[in-house]
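Peer 1: below is the structure, and that's it, no one-letter string:
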């Protein structure tokens, strides 16, 4: 007998057995195909389940679950007569305490983007006088994310490295990546895999900003009903082309019932586990319980391959704090913005990527007529790129799937005979044809999922 305590937002998959008989969970794979992550306790196998977050579990010698008791349940209990200034002070103390405990005397390795989560960490690390190596990466031939990141690093006096995600890196790394994330995520999302060797040359521990944007923003419109939140969940999690792929696999595997009805029932089942009437908080809890561990956490394993990781927003105390903060303080990133403005006014003056060309002090001007010059400039730049026939890279799959050499590698996996025995070739051909000839943006997700399933089938499906 052993005891396992799962964090409120787990980093690792804690798998237990519920049967001695191995069987593929085709329904779970259909949901994975539609959304890019596994839902609830689901895995590729009916006899392998993931332990529920925020709970204490007893597991026997055969790794079967004996008992579970929750030690934390998401709730919405905002403090009464709690001013924004008090919330900001509490957040400041808590956030910096967590960062101090996580980093200690170690070197921090900080990925910086043009957003707010890593920027908030940068400000805390600077205030705590930590040794920091910061970095950012951009797509070859795409928008330079490193520009804003470098300015933040310079303002905080951090060492800074720029990385470019190269074309076709995936094919020399995809088998290793499959071992790292066990095929629980499609392979074009963890772009950090392209610079894993560079990470390994660094010293220290990662300070990662994952999940700050969910905890510190509005969960959903307050006026939404329970029925509307189901629609919102589907809108948020179903990928372009994902629903069509999920339905196709459901039909190919001759699963009884209707895929969309199963999807709706699954969402209702998981929402029912959250006893919160306040809709924005219920949505935030839903994401944190079922999305963060099964989507966001999966590819943290790539960082862990290089160095230990720390995640201040994942800390149990941060989750407990969020449940006590009035929604109006969390909405629109108010707490993070106020924290940066207070602790490091110079960093607040640096462009906020989502509100370009404005910063944290004037982003409210990102509307007509104030943003008209920027919009005109961006449109002219786009027009010049079209005239030059130069493709502007915005997504990792464009670097990994497009072009003759990429196609050869992709097709090697998609039309592998072993994979054709698992999934009818006509389905693979249909989605690949649509990707190549109709809409590569819309069908990039189905193709990426099919690639993932092909490699999973090759490496982990011993039931074939």
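Peer 2: On my side now, so go ahead. None of these values were measured; they are calculated from a predicted model.

Peer 1: grab the nearest non-local neighbour of residue 431.
Peer 2: Nearest non-adjacent residue to residue 431, counting by Cβ to Cβ, 6 or more residues apart in numbering: residue 446, 4.4 Å away. For every residue, glycine as well, the C-beta is placed using N, CA and C.

Peer 1: poorly predicted segments of the stretch 1-150 of the chain, please.
Peer 2: For the stretch 1-150 of the chain, the stretches flagged by pLDDT under 70 are 141-145.

Peer 1: now the helices: where do they sit in it?
Peer 2: 26-35, 84-103, 117-127, 146-155 (DSSP state H, counting those that start in this stretch).

Peer 1: what's the distance between residue 88 and residue 192?
Peer 2: 32 Å (Cβ to Cβ, to the nearest Å).

Peer 1: what is the burial count for residue 275?
Peer 2: 10 (other Cβ atoms under 10 Å).

Peer 1: quick one: it is in a strand?
Peer 2: No: Residue 275: not assigned to a strand; according to DSSP: H, G, I helix; E, B strand; the rest coil it is coil.

Peer 1: could I get the full set of strands for the stretch 251-400 of the chain?
Peer 2: 309-310 (DSSP state E, counting those that start in this stretch).

Peer 1: closest one to residue 208 among the helices of the stretch 1-150 of the chain?
Peer 2: Nearest to residue 208 among these is helix 117-127; the distance by Cβ to Cβ comes to 8.3 Å.

Peer 1: off-centre distance for stretch 277-284?
Peer 2: Relative to the chain's own centre, stretch 277-284 is displaced by 20 Å; criterion: Cα atoms, centre = their mean, to the nearest Å.

Peer 1: I meant to write stretch 294-314 there.
Peer 2: Relative to its parent chain, stretch 294-314 has a centroid offset of 10 Å by Cα atoms, centre = their mean.

Peer 1: that one: end-to-end distance?
Peer 2: Stretch 294-314 stretches 14 Å from its first residue to its last (Cα to Cα, to the nearest Å).

Peer 1: hang on, the earlier thing: possible to save the helices of the stretch 1-150 of the chain as CSV with distance to residue 335?
Peer 2: Formatted as CSV, those follow (distance: least, Cβ to Cβ, whole Å):
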stretch, distance to residue 335
helix 26-35, 29
helix 84-103, 5
helix 117-127, 9
helix 146-155, 19
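
Peer 1: can you lay out these as a markdown table showing distance to residue 236 and mean neighbour count?
Peer 2: Formatted as a markdown table, those follow (distance: least, Cβ to Cβ, whole Å; neighbours: other Cβ atoms under 10 Å):
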| stretch | distance to residue 236 | mean neighbour count |
| --- | --- | --- |
| helix 26-35 | 9 | 23 |
| helix 84-103 | 25 | 17 |
| helix 117-127 | 18 | 24 |
| helix 146-155 | 26 | 21 |
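
Peer 1: how about the ones you listed, which one is nearest residue 288?
Peer 2: Of all the helices of the stretch 1-150 of the chain, helix 117-127 comes closest under Cβ to Cβ, at 14.7 Å.

Peer 1: show residues contacting the closest one.
Peer 2: Helix 117-127 is contacted from outside by 95-96, 99, 103, 108, 110-113, 132, 134, 149, 152-153, 156-158, 207, 209-213, 312-313, 336, 339-340, 343-344, 347, 350, using Cβ atoms under 8 Å, 6 or more residues apart in numbering.

Peer 1: can you select the buried ones from those residues in PyMOL?
Peer 2: Applying 16 or more other Cβ atoms under 10 Å to these leaves a buried subset, and the PyMOL line that selects it is:
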select buried, resi 95+96+99+103+108+110+111+112+113+132+134+149+152+153+156+158+207+209+210+211+212+312+313+336+339+340+343+344+347+350
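
Peer 1: hmm, back to that, what residues are up against the residue nearest to residue 431?
Peer 2: Counted by Cβ under 8 Å, 6+ apart, residue 446 has contacts 33, 241-242, 244-245, 431, 434-435.

Peer 1: again, only this time at 6 Å
Peer 2: By Cβ atoms under 6 Å, 6 or more residues apart in numbering, residue 446 lies in contact with 241, 245, 431.
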